[in-house]
Every structure is written in structure tokens, then in C-alpha cells.
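**Q** need a structure here:
(chains A and B)
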Amino acid sequence: MSLWEYANPKKFMETTGWLLPWLTALTALTLGGGLVWGFFLTPDADRFGSTVKILYVHVPSAFIAINAWVMMLVTSLIWLVRRHHVSVLAARAAAPVGMVMTLIALFTGAVWGQPMWGTWWAWDPRLTAFLILFLFYLGYLALWAAIENPDTAADLTSVLCLVGSVFAFLSRYAVYFWAQGLHQGASLSVDRAQHVADVYAYPLWLTMAGFVFLFLTLVFVRTRTEIRARRLSALVARERKAA
Amino acid sequence: MPDLGHYEMTVLLAWGGTLLALAGLIGQTLWRASEVRRALEAQEARGQSDRGTEKVGGNG
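**A** Numbering: from 1, shown residues only, chains lettered A, B, ... in the order given. Reported below is the predicted structural model:
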């Protein structure tokens, strides 16, 4: 079976219709479990006190904020090269989710930074890249809303997505490129380097999984809505033409 | 509720803001999904009834 079969809206609707109840249950379990574990069952940290609990909302939201854009980049490229409508509708569906996650990461970072760094905001490379990424999300959504022809909107937003990818990349790697600023490096990684103690890392991995499943669930629901909205527009246009 | 000590307001503000934003996002997603599905069903039903009327008219 080829992956391109899912570019067919009917196939996509069938598969996601079957998948969504399972994905929703998985999201509720992992996200609920991770958040409860992180908030209620983790101890205070020596240096950070109870603010260590902000890790469980800040790190996963920042992870999704960056990777939502990466997903949009891939699906936009598929649109530009192969002209699959479901692909670009999935990119459009992911954008509001990515934007809200970016906003959460910026907000929770600022709230944590005030007592820890003594400031709500600093023009640190990573923070600045994140702010620009947020503005790109806004621009991407505004462009979709501003252009009436759906194919033209898809083309232009896909090109914008390519340009914005630089800032998604910088949001992740700015800490390494410029060894300056307030923001520390990664809290979790798949290598063997230990960044946070196990007592914090296990619930954090679970919360990360919860945010990933939540992202997938929301993107599937929103893509299905975009497909239906596209069909609705086509039917309305046909009716007007016939009248 | 765990004892959050000196940073209680900071932690609650970060978590409260996050949960509010997630609830808003989930709510908006479900609301729009339901609105569009309802509108599409109504449009499809109208299209079917129009075709049915045309068929009856054509036969008559």
C-alpha cells in the first residue's frame, strides 16, 4: 500500500475516522497521566523550587511549536511538488495548533523567566527566534484568510512556510549557534547525556507523548473539517452556477 | 494540591494559562468541525432533494 493513497480525501476520511477514537483515548491517557504526574507527584528542585513543574507545559509545547512547522514544511513541499490537496489542507490544519503551542511556550517561558532570570523577556537568540516563528504562524494564517482562490492561497502559504522554516530551525538550534543568551540547552534528548534527573524526566517523556498525540488528534480533526469545508464550497459554487 | 511554596503564583499562572489555551484550541476545533459538518449535510440534503424534484419534473 502506498502512502500516496492518503492523498485521496475519501481514503483519508475513512482512515482517520477509524483512527480518531483510538488516538483520542491515547491522548487522554498520556496527556492526563503526564500532567497529573508532573504537577502532583514530582518533588521541588534544589535550584528552581516548585517552578520545575513548569517544565511539563513549557518543554512539550515548545517541541510541538517547532515540529508542527516542520510537518507543515513537509506537507507544503508535497503540495508544491505533487499538488495533493489533502497535503496542503493538513498544513493549514496544523497552523493554528502550532501557533497556540508557540504562544504557550512563549508565555510559560516568560512566567518562569521572571523569578529565575529576573526578567519576563530577553532578546536571547532562542527567544527571539521563537517570537519570529510565532509571527510567521500569524502571517501564514492571515495569508490563507486573505486570498480567495484556494490554489493560489495554497501556493503562497507553502512558499511562506519554506521561508519560515529558517526560524523553526533557529528556534531549535539557536542555543548551539550562538553560545550566548539566557536560555539553556535541551531538557531531554534521545542520546545518553543526562539533562534532567529521572524523577523529572519520566513524567516529562509521558507529557511529551501526550502533546504529540494531542497534536495528531487535532490535526486529523481539523484536516477533516478543511476537506468538508472544501466540498461545501464546491457544492455551493455548483448550486450558484446551476441557478 | 501540592505545596508550591514561594513560587505558587508563578506555577499556577503558567499552568492555568496553558490549560486555558489548550481548552480554547480543543473547543474551537470541535465547534468548527461540528458547524462545517452540519452545513455540509444540509447542503448535500438540499442537493439531493433538488435532484429528486428535477427527476419528478422531468418524468411528468
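**Q** from chain A, how far out is the residue nearest the centre of chain B?
**A** Residue closest to the average C-alpha location in chain B (CA atoms, centre = their mean): B:Trp31, at 1.8 Å. From B:Trp31 over to chain A the distance is 10 Å, taken as CB to the nearest CB, to the nearest Å. All C-beta atoms are positioned from the backbone trio N, CA, C, and that covers glycine.
**Q** which residues of chain B lie near chain A?
**A** By CB under 8 Å from any CB of the partner chain, the residues of chain B that approach chain A are B:2-8, B:10-11, B:13-15, B:17-18, B:21-22, B:24-26, B:28-30, B:32-33, B:36-37, B:39-40, B:43-44, B:46-47, B:50.
**Q** what packs against the helix or strand encompassing A:Trp205?
**A** Element membership for A:Trp205, per DSSP states H and E: helix A:198-242. When contacts are defined as 3 or more CB pairs under 8 Å, 6 or more residues apart in numbering or on different chains; DSSP states H and E, helix A:198-242 sits against helix A:9-40, helix A:55-82, helix A:85-117, helix B:8-59.
**Q** before we move on, back to that, out of the residues of chain B next to chain A, which end up buried?
**A** B:4, B:7, B:10-11, B:13-15, B:17-18, B:21-22, B:25-26, B:29, B:32-33, B:36, B:40, B:43 (16 or more other CB atoms under 10 Å in any protein chain shown).
**Q** what comes up buried for the least confident helix or strand in chain A by mean pLDDT?
**A** Lowest on mean pLDDT, DSSP states H and E among the helices and strands of chain A sits helix A:150-177, with a mean of 85. Neighbour counts over helix A:150-177 (16+ other CB under 10 Å) mark A:150, A:153-158, A:160-161, A:164-165, A:167-172, A:174-175 as buried.
**Q** stretch A:64-76 too?
**A** Quick answer for stretch A:64-76 (16+ other CB under 10 Å): A:Ile64, A:Ala65, A:Ile66, A:Asn67, A:Ala68, A:Trp69, A:Met71, A:Met72, A:Leu73, A:Thr75, A:Ser76.
**Q** so, low pLDDT: which residues of chain A?
**A** For chain A, the stretches flagged by pLDDT under 70 are A:1, A:6, A:172, A:174-194.
**Q** which bits of it sit near chain B?
**A** A:39-40, A:44, A:49-51, A:53-54, A:57-58, A:61, A:96-97, A:100, A:103-104, A:107-108, A:111-112, A:114-115, A:214, A:218, A:221-222, A:224-225, A:228-229, A:231-232, A:235-236, A:239.
**Q** of those residues, select the buried ones using a ChimeraX command.
**A** In ChimeraX, a selection of the buried entries from the residues of chain A next to chain B looks like this (16+ other CB under 10 Å):
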select /A:39,44,49,50,51,53,54,57,58,61,96,97,100,103,104,107,108,111,112,214,218,221,222,224,225,228,229,232,235
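**Q** please list all residues in contact with the residue nearest to the centre of chain B.
**A** Contact partners of B:Trp31, counting by CB atoms under 8 Å, 6 or more residues apart in numbering or on different chains, are absent.
**Q** sorry, back to before: could you give the angle of the helix holding A:Trp205 to helix A:85-117?
**A** With axes from the mean of the first three to the mean of the last three CA atoms, to 10 degrees defining the directions, helix A:198-242 sits at 140 degrees from helix A:85-117.
**Q** check the offset of helix A:198-242 from the chain's centre.
**A** 11 Å (CA atoms, centre = their mean, to the nearest Å).
**Q** how big is the angle separating that helix from helix B:8-59?
**A** Going by the same axes, to 10 degrees, helix A:198-242 makes 30 degrees with helix B:8-59.
**Q** so where's chain B uncertain?
**A** In chain B (pLDDT under 70), the answer is B:51-60.
**Q** phi first, then psi, for A:Gly49.
**A** The phi/psi pair for A:Gly49 (degrees, to the nearest 10) reads phi 60, psi -140.
**Q** which ones are touching it?
**A** Per CB under 8 Å, 6+ apart, neighbours of A:Gly49: B:Gly5, B:His6, B:Tyr7.
**Q** surely A:Leu80 touches A:Asp151?
**A** No: counting by CB atoms under 8 Å, A:Leu80 stays clear of A:Asp151, with 11.4 Å between them.
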